[in-house]
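Asker: how would this look folded up:
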Amino acid sequence: MTVMLVAQRHELLVGELERSGVLKVTELADRLRVSRATIRRDLMELEVEGRVTRVRGGALLATPRSAETGPPRDGATGPGPRPAGGPAGGLSLGLLVPSATYYYPRAVAGVRAVAAERNARVMIGLTDYAESREMERIAELAAAGAHGLLVTPSGDHLLPHGTLERLRGGGLPFVLMERQPANAYEACEFVASDHRQGAFAAVRHLAGLGHERVALFTNGSPTAALVAAGYAAAVETLALRPSVPVVDSGRPSLGTSEAARHYDAFLRDCLASGTRAALVHSDQDAIELLRRVRAAGLRTPEDLALIAYDDEIAALAEVPLTAVAPAKQQLGELAARLLLERLEAEDPAEVPVRQLLVQPRLIVRDSCGARMTAPAAD
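Answerer: Residues are numbered from 1 along each chain as shown. Okay, here's the model as predicted:
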């Protein structure tokens, strides 16, 4: 009976990883309602079976590879370092991302899909948005045998020159993922979402629904400045009313009294200024605002139309949220292809520097009011 229970738990655990991409031990323990020690033991057993790969503090699904032996290193999706050179099957990609639980799992899935196609190995390092850990993690990836890096630094979306110099000082080819140089003339490869375009499209959509006033709420994330820039461009280009709430909360912890004060003040200012539409970054912030709208005896979208930015959990809100959806998986795929093409080239110096911006999509649901204003079907 005990063996069956363990087997069932293993299947549940693998299912959670299939849905979420990468998860921490603490999250898996909460979801399966068992101890962290049990989860760690399960992950060790599943890793021996080749079904998952443990990373620092968590796990992800193992990527199928051929002709590999030996146990994986901590933080790697495969065994020890391969010899340098050779075809793609002999290459290892180091992947540095700030989070294993929000936004980045789908980008990680894109990288792993391309690596599986090309029989390459992926090793992951997590920084939990701590810039002080970045070079340490990169050094660990290099020591583990990475031939090149896919890097999402923890700071702002637009990277200062000093950060790029530190990356270049590591000596490995790299492609920035969801980041780009602050200096547009830096010769640095990147694949990033065009968040200005995403925010512009959201505001244009609300304006098309008849809103002359559109507010903005951001949460101090690395993406916030670009969302704000796209929003400002839309307000000017579309000649919308400028006297509306524009707030950046500075990223307080969710559920704190500080966060609640920002939400309540924003909603109060929207109502006082006659603003009945808002773009909100992120999904979690939009869901909190939605809850406060309801608590105030108001309705979405009738009293306040909302568009969320990120589309991680927007569809699960009590009023499904219209959302700007960056193409996260495709972004990871593109970044991996760029790096592999450079690593495979006979003369990497002959490969031109590629800089790609990917435009997010706007996914229309209930919260913006578009479905209410659409003409009835014949």
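
Asker: check contacts around Ser20.
Answerer: Ser20 makes contact with 101, 105, according to C-beta atoms under 8 Å, 6 or more residues apart in numbering. Any C-beta I mention is one placed from the backbone N, CA and C, and that applies to glycine too.

Asker: how near is it to Arg268?
Answerer: In this view, Ser20 and Arg268 are 36 Å apart by C-beta to C-beta, to the nearest Å.

Asker: dead centre of the chain: give me the residue that sits there.
Answerer: What sits nearest the mean C-alpha location of the chain, by C-alpha atoms, centre = their mean, is Tyr103, with 2.4 Å.

Asker: that one and Val22, how far apart?
Answerer: The value you get for Tyr103 to Val22, if C-beta to C-beta is used, is 11 Å.

Asker: that older thread, pLDDT wise, what is the residue nearest to the centre of the chain at?
Answerer: Note on Tyr103: pLDDT of 88.

Asker: and His262, that's in a strand?
Answerer: No. With DSSP: H, G, I helix; E, B strand; the rest coil as the criterion, His262 is assigned helix and is not in a strand.

Asker: now it, nearest residue through space, not along the chain?
Answerer: Ser249 (4.1 Å; C-beta to C-beta, 6 or more residues apart in numbering).

Asker: can you report how many residues lie near the one you found?
Answerer: 20 (other C-beta atoms under 10 Å).

Asker: how about it, phi and psi?
Answerer: Reported as degrees, to the nearest 10, the phi and psi values for Ser249 are phi -80, psi -10.

Asker: show the contacting residues for it.
Answerer: Ser249 touches 217-220, 259, 262, 285, counting by C-beta under 8 Å, 6+ apart.

Asker: same question, Ala317
Answerer: 283, 286-287, 290, 308, 367.

Asker: in strands only, show me these.
Answerer: Taking DSSP state E, the ones among the contacts of Ala317 that sit in strands are Ala308.

Asker: most neighbours, which of the contacts of Ala317?
Answerer: Highest neighbour count within the contacts of Ala317, by other C-beta under 10 Å: Ala308, with 33 neighbours.

Asker: burial of the residue lying closest to Arg36 once chain neighbours are set aside, as a residue count?
Answerer: Once flanking residues are discounted, Arg36 sits nearest to Ala29: 4.7 Å by C-beta to C-beta, 6+ apart. For Ala29, the count of nearby residues is 18 (other C-beta under 10 Å).

Asker: of the contacts of Ala317, which is the nearest to Leu95?
Answerer: Asp283 (23.7 Å; C-beta to C-beta).

Asker: quick one: that closest one and Ala315 touch, right?
Answerer: No. Between Asp283 and Ala315 there is no contact under C-beta atoms under 8 Å: 9.2 Å.

Asker: spit out the residues that contact those two alike.
Answerer: 321, 323.

Asker: can you redo the contacts of Ser249 as JSON lines with secondary structure, distance to Glu11 and pLDDT?
Answerer: Below are these laid out as JSON lines (DSSP: H, G, I helix; E, B strand; the rest coil; distance: C-beta to C-beta, whole Å; pLDDT from 0 to 100):
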{"residue": "Phe217", "secondary structure": "strand", "distance to Glu11": "40", "pLDDT": "98"}
{"residue": "Thr218", "secondary structure": "strand", "distance to Glu11": "40", "pLDDT": "97"}
{"residue": "Asn219", "secondary structure": "coil", "distance to Glu11": "36", "pLDDT": "93"}
{"residue": "Gly220", "secondary structure": "coil", "distance to Glu11": "39", "pLDDT": "92"}
{"residue": "Ala259", "secondary structure": "helix", "distance to Glu11": "37", "pLDDT": "90"}
{"residue": "His262", "secondary structure": "helix", "distance to Glu11": "42", "pLDDT": "95"}
{"residue": "Asp285", "secondary structure": "helix", "distance to Glu11": "35", "pLDDT": "95"}
